[in-house]
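Enquirer: Here you go, sequence then predicted model.
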Amino acid sequence: MTNDRKEKERAFFENGSMLLEKLIAICNGKSIPIRSFSDEELKQATNNYDARLVIVQDELYWKWYKGSLYGRLVSIRKFEGGVHIIEGRGLSNYIINDLVISAKMSAHKNVLKLMRCCLETQPPILVHEFAANGSLANRIQGPGGSQQHQPLTWVSRLKIAREIAHAISYLHTVFSRPIIHRYIDMWNIFLDQHDVANLSNFELSISVPEGETHVQVDILSWCVGYMSPKYFATGKVTEKVDVYSFGALLLGLLTGQNSNDFTQLNNGECVDFSKPKKECVGLVVCMQNGAQGRCIVDPTILAGEGRGSTIEQQLQAVVDLAFTCRKIESQIRPTMVGVTKELMRIERLVL
């Protein structure tokens, strides 16, 4: 037996063992069918991972490839080296977590459907349905994004916000124990050919233990601008951690900027991780004091929708909702069910 074959068998055994443990722990022993492709099949599907087939590459060295498997287009998610916060077997463990929760969430229409996986590699490779319009980050902020696609209208952005809010609400409420995503950002939202939003990447998702109000973690999410200050300081996770992150997502949809650029607010001050403090505070003051919300709106929204009173009302309502989601005290933040209902109300303002 060749060394390559031995490595594949060892990886398959280790990943399969972790997968079984995770299925038992998260799914209460219930069966979830998860099928696998071989490493060779995925290499053929991507022309040996041809760089020209990369549709998304995020800041954590994940690449999403456009592939073709048995006549069907797919999105193939593969980790490709570099320095990473999680290494070795630990990384595989997180991918297995992603795999299991993706399978549990596949019934939801706004989750990127998991098709299969490959357990012969370290870490495993995940195969999802094809996301024709790529990630929301690339669509709004990416190089050439506005040239490859029509700019996202305000109506589309509001719909995307509502769709993702609904998916997170589902994650929080449908299962026997709430599951917290912990990694909500634009890179983890994909758009199909009709710009329907699909949530992905559940590798950091975690369940609140039975009888507990929170869970303590050591590994934080990697998107600083999306983390609430208390989560960042204490590592305590509740559903309200996702609500804070969703507020950052709303700001990104409104402004067209990377939400990490907003950094974090602490009693109105800017905790400076990536931007000069003066610039960050200026943006914050504009949103908190500027009653119209107009000064922070992505110019492509204004170019497409104009300055009608309905758009003004919707923009201001979303600004207000974003800052309510980003309250320092978690108990003041709404639930994601409440956020979803508010977004539905804001959409109806157009009628």
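Expert: Good, I have the coordinates. Numbering: from 1, shown residues only.
Enquirer: And for A107, the neighbour number?
Expert: Using other CB atoms under 10 Å, A107 has 10 other residues around it. In short, each C-beta sits where N, CA and C put it, glycine included.
Enquirer: could you measure it against P123, distance?
Expert: 25 Å (CB to CB, to the nearest Å).
Enquirer: Domain ranges for the chain, per the record?
Expert: For the chain, the structural domains run 3-129, 136-348, going by automatic domain parsing.
Enquirer: Using JSON lines, please lay out those domains together with mean pLDDT.
Expert: What follows is the domains of the chain, written out as JSON lines (pLDDT from 0 to 100):
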{"stretch": "domain 3-129", "mean pLDDT": "78"}
{"stretch": "domain 136-348", "mean pLDDT": "78"}
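Enquirer: any chance you could map the helices in the stretch 51-200 of the chain?
Expert: For the stretch 51-200 of the chain, the helices defined by DSSP state H, counting those that start in this stretch occupy 89-105, 136-140, 145-148, 154-173.
Enquirer: Please apply the same query to the stretch 201-350 of the chain.
Expert: According to DSSP H, counting those that start in this stretch, the helices that the stretch 201-350 of the chain contains are 229-234, 239-255, 277-289, 299-305, 309-325, 336-348.
Enquirer: Buried ones in the first one, by neighbour count?
Expert: By neighbour count, and taking 16 or more other CB atoms under 10 Å as the criterion, the buried residues in helix 229-234 are 230-232.
Enquirer: would JSON lines of the residues you listed with distance to D195 be doable?
Expert: Conversion of these to JSON lines gives the following (distance: CB to CB, whole Å):
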{"residue": "K230", "distance to D195": "34"}
{"residue": "Y231", "distance to D195": "31"}
{"residue": "F232", "distance to D195": "32"}
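Enquirer: So which of these is the closest to R162?
Expert: Nearest to R162 among the buried residues of helix 229-234 is Y231, at 24.3 Å by CB to CB.
Enquirer: Would you mind listing the residues in contact with the nearest residue to the closest one once chain neighbours are set aside?
Expert: Nearest residue to Y231, sequence neighbours excluded (CB to CB, 6 or more residues apart in numbering): V241, at 5.0 Å. For V241, the contact set (CB atoms under 8 Å, 6 or more residues apart in numbering) comprises 180, 182, 227-228, 231, 330.
Enquirer: May I see the buried residues of stretch 317-325?
Expert: Neighbour-count burial for stretch 317-325 flags 317-319, 321-325 (criterion: 16+ other CB under 10 Å).
Enquirer: I meant stretch 176-184, not that one.
Expert: So, applying 16+ other CB under 10 Å, buried residues of stretch 176-184: 178-184.
Enquirer: okay, among those, which ones form the most distant pair?
Expert: Based on CB to CB, the longest span within the buried residues of stretch 176-184 runs between P178 and Y183 and measures 15.6 Å.
Enquirer: just to revisit the earlier point, can you convert the helices of the stretch 201-350 of the chain into a markdown table and add a column each for distance to E203?
Expert: Formatted as a markdown table, the helices of the stretch 201-350 of the chain follow (distance: least, CB to CB, whole Å):
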| stretch | distance to E203 |
| --- | --- |
| helix 229-234 | 17 |
| helix 239-255 | 15 |
| helix 277-289 | 29 |
| helix 299-305 | 32 |
| helix 309-325 | 23 |
| helix 336-348 | 20 |
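Enquirer: Of those, flag the one that's most buried.
Expert: For the helices of the stretch 201-350 of the chain, the largest average neighbour count (mean count of other CB atoms under 10 Å) is found in helix 239-255, namely a mean of 26.
Enquirer: Which stretches in the stretch 1-150 of the chain count as strands?
Expert: 54-57, 62-69, 72-79, 114-118, 125-129 (DSSP state E, counting those that start in this stretch).
Enquirer: Out of those, which gets nearest to L251?
Expert: Nearest of the strands of the stretch 1-150 of the chain to L251, taken as CB to CB: strand 54-57 at 21.4 Å.
Enquirer: List the strands paired with that closest one, with their directions.
Expert: strand 62-69 (antiparallel) (DSSP bridges).
Enquirer: Measure how the strand it pairs with sits relative to helix 89-105, angle-wise.
Expert: On the basis of axes from the mean of the first three to the mean of the last three CA atoms, to 10 degrees, strand 62-69 is oriented at 50 degrees to helix 89-105.
Enquirer: Around the closest residue to D298 other than its chain neighbours, how many other residues sit close by?
Expert: Among residues not flanking D298 along the chain, G256 sits closest, at 3.3 Å (CB to CB, 6+ apart). The burial count assigned to G256 is 18, neighbours taken as other CB under 10 Å.
Enquirer: Next, G256: phi, psi?
Expert: Main-chain torsions, G256, degrees, to the nearest 10: phi 80, psi 10.
Enquirer: Thought L302 was touching it, still the case?
Expert: No - look at G256 against L302 with CB atoms under 8 Å: they stay out of range, at 10.8 Å.
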